[in-house]
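Trainee: I'll drop the sequence and a predicted model, then ask my questions.
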Amino acid sequence: MGEWLYLVIGIAALVVLGGVGLVAGTLRGKRGGAVGEVEQRDAPTGGAGTDLLEPPTTTPPTTLPPVPAPQAPEPEAPTAPAEPAAPTLERPEGTASRLQRLRQRLAGSQGGLGKGLLALLSRDRLDEDTWESIEDTLLAADVGVKPTQELVEQLRTRLRVEGAGADVRSVLREELVTLVDAGMDRRLQVSGADGAPGVVLVVGVNGAGKTTTVGKIARILVAEDRAVTLGAADTFRAAAVDQLATWGERVGVDVVRGAEGSDPASVAFEAVRTGVEQGVDTVIVDTAGRLQNKAGLMDELGKVKRVVEKQAPVTEVLLVLDATTGQNGMIQARVFSEVVDVTGIVLTKLDGSAKGGIVVAVQRELGVPVKLVGLGEGPDDLAPFTPEAFVDALLG
Ligand SMILES: Nc1nc2c(ncn2[C@@H]2O[C@H](COP(=O)(O)OP(=O)(O)OP(=O)(O)O)[C@@H](O)[C@H]2O)c(=O)[nH]1
């Protein structure tokens, strides 16, 4: 009996131990499936009890950069609707510095004429050959035949009378100033009467520098704190209208323009009407310069002047001439002066021509003073014409 009891207890103990092992094995198998095959194989295994109790590690692999926590997008600050940037206005160059700068340029382009004359006149003997060379020098500079003969005659007389002690330079200076005619009134008529604006019509053939000159005059007036309106009545060339609009924008001056090909007279009328309405000091009108025939030109410019004068009297008609065109320029000058009452001449491109003598020739031809000279393509390269400064630039 005792032996049977030992046998039953032994079997019972074996059954209990086997059951415990079976349960533990099953539990271990369940945990491994949850983490994944690779990790289950490589992970260091601790004791069976610890695996069961601790939560699976969630540490990310160190080779991967930490994933930034997603952030809620920041609300964008409300932006005010963008306002168009105000154009930066240019400040045109003041008169004093412009004149000083341009005198030097004039001396650069015209100095050869004066120096050439001085060299010839300073010879020990002024024989016929020398006088002929003096004439040729003046003619080559476009002074014109009659003024050349007059000047040579005057110089001959004075140098003969004053003899060997004559100051050749000052004699030449005086005679040149007389030739250029210091007595003419060269002021620009840019002011109107009775509260009306001054009205300046700018005429001339295309390419002479009309539009550029209108822009440059506007800058001179703006530099003098005058209110200005521009009229783009050169409606035959769209680019001329755009060009003028740009000149205006740069100094904050209104430009009245019409559609391409519209009636120049109506644009001119509108420009002056706007100027009167806004109470500006000066309206400058750029006109078209088609020279296809005199009758057509006369019709066009005559009409512009007539309609403009319904608003305010025209105070100045400026004829723009390209100094480099020589005799051609003189022919144009004649035609324009027959069509409109030219009151002043603007000689452009004197910087690119050694033929400053055209100043004398054109004044003689038209009986009208040169009032302004263009001395470059820069926006402030326009200067009032003064005979003394001109002659000094010639003589260097
Ligand atoms: N060197 C030099 N060039 C000038 C001068 N004045 C004008 N120009 C140039 O001459 C060219 C013609 O000038 P514009 O003002 O367009 O001539 P325009 O008479 O109005 O001609 P359209 O616009 O065709 O009617 C431009 O390239 C100007 O820059 C000047 O005094 N010196």
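Mentor: Yep, it's here. Predicted, not measured: the structure shown is a model, and the values here were computed from it. Numbers count the residues shown, from 1 in each chain.
Trainee: can you pull up the bridge partners for the residue in the chain positioned nearest to the ligand?
Mentor: Residue nearest to the ligand within the chain: residue 374 (2.4 Å; C-beta to the nearest ligand atom). C-beta: built from backbone N, CA, C; applies to glycine. Beta-bridge partners for residue 374, by DSSP bridges, are residue 382.
Trainee: surely it meets residue 209?
Mentor: Yes: with contact defined as C-beta atoms under 8 Å, residue 374 reaches residue 209; the gap is 5.7 Å.
Trainee: what sits in contact with each of those two?
Mentor: Common contacts of residue 374 and residue 209, defined by C-beta atoms under 8 Å, 6 or more residues apart in numbering, comprise 346, 348-349.
Trainee: would you list these in TSV and tack on neighbour count, secondary structure and pLDDT?
Mentor: Below are the shared contacts of residue 374 and residue 209 laid out as TSV (neighbours: other C-beta atoms under 10 Å; DSSP: H, G, I helix; E, B strand; the rest coil; pLDDT from 0 to 100):
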residue	neighbour count	secondary structure	pLDDT
346	28	strand	97
348	30	strand	95
349	20	coil	94
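Trainee: Output those of those residues also counted as contacts of the ligand.
Mentor: When those are filtered against the ligand using C-beta under 6 Å from any ligand atom, the residues retained are 348-349.
Trainee: Okay, and residue 285 sits in which element?
Mentor: strand 282-287 (DSSP states H and E).
Trainee: Quickly check: that strand near the ligand or not.
Mentor: No: using C-beta under 6 Å from any ligand atom, we find that strand 282-287 stays clear of the ligand, coming within 6.8 Å at best.
Trainee: List the pairing partners of that strand within its sheet, with orientation.
Mentor: When DSSP bridges is applied, strand 282-287 pairs with strand 198-203 (parallel), strand 228-233 (parallel).
Trainee: Any chance of those in a markdown table with distance to the ligand, mean neighbour count and mean pLDDT as columns?
Mentor: Below are the strands paired with strand 282-287 laid out as a markdown table (distance: least, C-beta to the nearest ligand atom, whole Å; neighbours: other C-beta atoms under 10 Å; pLDDT from 0 to 100):
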| stretch | distance to the ligand | mean neighbour count | mean pLDDT |
| --- | --- | --- | --- |
| strand 198-203 | 9 | 27 | 97 |
| strand 228-233 | 10 | 29 | 96 |
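Trainee: any chance of those strands in JSON lines, plus distance to residue 243?
Mentor: Formatted as JSON lines, the strands paired with strand 282-287 follow (distance: least, C-beta to C-beta, whole Å):
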{"stretch": "strand 198-203", "distance to residue 243": "13"}
{"stretch": "strand 228-233", "distance to residue 243": "9"}
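Trainee: just so I know, which of the ones you listed lies nearest residue 331?
Mentor: Nearest of the strands paired with strand 282-287 to residue 331, taken as C-beta to C-beta: strand 198-203 at 14.9 Å.
Trainee: Just checking the distance from the closest one to the centre of its chain.
Mentor: Relative to the centre of its chain, strand 198-203 is centred 22 Å away, using C-alpha atoms, centre = their mean, to the nearest Å.
Trainee: next structured bit after it?
Mentor: Next element after strand 198-203 (DSSP H and E): helix 210-223.
Trainee: Alpha carbons of that next one, as CSV, please.
Mentor: What follows is helix 210-223, C-alpha atoms only, in CSV (Å, rounded to 0.1, in the frame of the first residue of the first chain):
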residue,chain,number,x,y,z
LYS,A,210,11.3,117.0,-81.5
THR,A,211,10.0,114.5,-79.0
THR,A,212,13.2,114.4,-77.1
THR,A,213,13.3,118.2,-77.0
VAL,A,214,9.7,118.4,-75.7
GLY,A,215,10.8,116.0,-72.9
LYS,A,216,13.9,118.0,-72.1
ILE,A,217,12.0,121.3,-72.0
ALA,A,218,9.5,119.7,-69.6
ARG,A,219,12.4,118.8,-67.4
ILE,A,220,13.8,122.3,-67.4
LEU,A,221,10.4,123.7,-66.4
VAL,A,222,9.9,121.1,-63.7
ALA,A,223,13.4,121.9,-62.3
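Trainee: That one packs against which elements?
Mentor: With contacts taken as 3 or more C-beta pairs under 8 Å, 6 or more residues apart in numbering; DSSP states H and E, helix 210-223 sits against strand 198-203, strand 228-233, helix 238-251, strand 282-287, strand 316-322, strand 344-348, strand 370-374, strand 382-384.
Trainee: if you set the cut-off to 6 Å instead, what comes out?
Mentor: strand 228-233, helix 238-251, strand 282-287 (3 or more C-beta pairs under 6 Å, 6 or more residues apart in numbering; DSSP states H and E).
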